[in-house]
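**Q** need a structure here:
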Amino acid sequence: MSGEQRNPLQEYQVAHIPGALFFDVDWISDRTTNLPHMLPSEEAFAAAVSVGPVTFQTKYQPHLVWTLEQVKKNTEDQTHQLVDARSKARFDGVAVEPRKGIRCGHVPGSKCIPFAQMLDSSQVLLSADQLKKKFEQEGKLVNFTFLLSVLMNS
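**A** Down below sits the predicted model:
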């Protein structure tokens, strides 16, 4: 995240899983918008993740990605529960937003379940059943069709 005074490439060079490649989400993001971490085109993503002779094939699945208009409509219709996976302080707007140009706070009607709470003790994502149970316990599950506003980061 910008403003954290960290160097991700340097951290990767110092310690990473053997065989793992460095992936810079800022480099691959769609740069035709002033918003950070926006989904790139299929072609741009495939080109960025293809390594050497290996060509990565992509298949965009539009039903898994919502537009700004769909999110706005859902704030009125409330047909789906938006789950925001950022920290509670960022969700509440009391922590400074680390991404330049992004307002503090959250989408009206969204609920906060920080990403760290979606991981087990080994830092592995909980199973779908465990996530469903967690969301039900939190009283934040309208139906199990949900969006993670990970504007994809925690």
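
**Q** Quick one: classify Asn34 as helix, strand or coil.
**A** coil (DSSP: H, G, I helix; E, B strand; the rest coil).

**Q** mind starting the numbering at 56 from now?
**A** Renumbered: residue one is now 56, and that last one reads Asn89.

**Q** Tell me where this structure has strands.
**A** Secondary structure of the chain (DSSP state E): strands at 136-139, 166-167, 201-203.

**Q** Least confident of these, on average?
**A** Mean pLDDT is lowest for strand 201-203 out of these, coming in at a mean of 41.

**Q** what's in contact with stretch 175-182?
**A** Stretch 175-182 is contacted by residues 173-174, 185-186, 189 when judged by CB atoms under 8 Å, 6 or more residues apart in numbering. C-beta here means a position set from N, CA and C on the backbone, and glycine is covered the same way.

**Q** next one: that stretch to chain centre, how far?
**A** 16 Å (CA atoms, centre = their mean, to the nearest Å).

**Q** now stretch 76-89
**A** Distance, centroid of stretch 76-89 to centroid of chain: 13 Å (CA atoms, centre = their mean).

**Q** what comes up buried for that stretch?
**A** 83-84 (16 or more other CB atoms under 10 Å).

**Q** And for Val179, the neighbour number?
**A** 9 (other CB atoms under 10 Å).

**Q** That one and Met173, how far apart?
**A** 10 Å (CB to CB, to the nearest Å).

**Q** And Val120, by the same measure?
**A** Val120 is 19 Å from Met173, by CB to CB.

**Q** Quick check: closest non-adjacent residue to Thr110.
**A** Nearest residue to Thr110 in three dimensions, chain neighbours excluded: Ala101, at 7.2 Å (CB to CB, 6 or more residues apart in numbering).

**Q** does the one you found really touch Lys114, like I thought?
**A** No: with contact defined as CB atoms under 8 Å, Ala101 does not count as touching Lys114 (10.0 Å).
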